[in-house]
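Student: Can you look at this prediction? I've put the sequence above it.
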Amino acid sequence: MALLDIITAPDPRLKRKAETVATVDAATAKLMADMLETMYEAPGIGLAAPQVGVSKRIIVADAAREGEAPQPLKMVNPQIVWSSDEKKTHEEGCLSLPDEYEIVNRPDKIRVQYVDETNTPRELEADGLLAVVIQHELDHLDGVLFVDHISTLKRNMILRRLTKYKKFGKRPVAVGE
Ligand code: GNR
Ligand code: NI
């Protein structure tokens, strides 16, 4: 197992469309194990391969609540085959957009087809937080970030802040501030 470095915006690697995986081999399974470890350590509830510099259609997620048993999910070539007309808003964050949060509107329920770590095709129906996270991760595979779903004004405010962090380093927050 190994911890991977997470890429933060702005970075052209977060904007590319990721490649389909031909077959799930031992290297793919190892990558997914490392991605889950990296995600838990961050901590986060989802991670897409492009966020660790791998332009392949691979995501991991775990939307279990604190105190609940872990529910790790590993998905290769995930595809949304159905989504509900009903939409819901949820506050989203992203490990590639540190400390930035905004409300995003997405379909409430989805059905997703994917291949698991043993190269077996599977289908999963998801709602609530899990549906949010899977859609957020799938977006990463197409070079889309949650800020691409909000107003241009809000997006530009967030991206300007992140560009500044990269140039000058993160502004320290004083204790008691
Ligand atoms: O850890 C994460 N939390 C989160 C919260 C609301 C909606 C989406 C997410 S995904 C995010 C991890 C991440 O950046 N995955 O790409
Ligand atoms: Ni993200």
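Tutor: Looks like it arrived, so ask away. Ligands and ions are numbered 1, 2, ... in the order given.
Student: Show residues contacting stretch 138-155.
Tutor: Outside stretch 138-155, the residues within contact range by C-beta atoms under 8 Å, 6 or more residues apart in numbering are 9, 14-18, 48-51, 57, 59, 78, 80, 92-94, 96-97, 100, 102-106, 112, 136, 158-159. C-betas here are computed from N, CA, C, even on glycine.
Student: Start and end of it, how far apart?
Tutor: One end of stretch 138-155 sits 19 Å from the other (C-alpha to C-alpha, to the nearest Å).
Student: That stretch and ligand 1, are they touching?
Tutor: Yes - with C-beta under 6 Å from any ligand atom as the measure, stretch 138-155 is seen reaching ligand 1 through His140.
Student: Next: stretch 84-93.
Tutor: Yes - contact of stretch 84-93 with ligand 1 (C-beta under 6 Å from any ligand atom) involves 92-93.
Student: How about stretch 66-73?
Tutor: No - judged by C-beta under 6 Å from any ligand atom, stretch 66-73 makes no contact with ligand 1; its nearest approach is 12.4 Å.
Student: Check this protein for the residue nearest ligand 1 and tell me.
Tutor: Gly44 (3.1 Å; C-beta to the nearest ligand atom).
Student: ok, and the closest non-adjacent residue to that residue?
Tutor: Leaving aside its sequence neighbours, Gly44 sits nearest to Leu95 (C-beta to C-beta, 6 or more residues apart in numbering; 4.9 Å).
Student: and the one you found, which of the three is it?
Tutor: Following DSSP: H, G, I helix; E, B strand; the rest coil, Leu95 is assigned to coil.
Student: ok, it - how many residues close by?
Tutor: Leu95 has 19 neighbours, counted by other C-beta atoms under 10 Å.
Student: Now do the helices in this structure.
Tutor: Secondary structure of the chain (DSSP state H): helices at 26-41, 128-141, 152-168.
Student: ranking those by burial, who's on top?
Tutor: Burial of these is given as mean neighbour count (mean count of other C-beta atoms under 10 Å); helix 128-141 ranks first at a mean of 22.
Student: Let's test this: mean pLDDT of that helix, rounded?
Tutor: For helix 128-141, mean pLDDT is 98.
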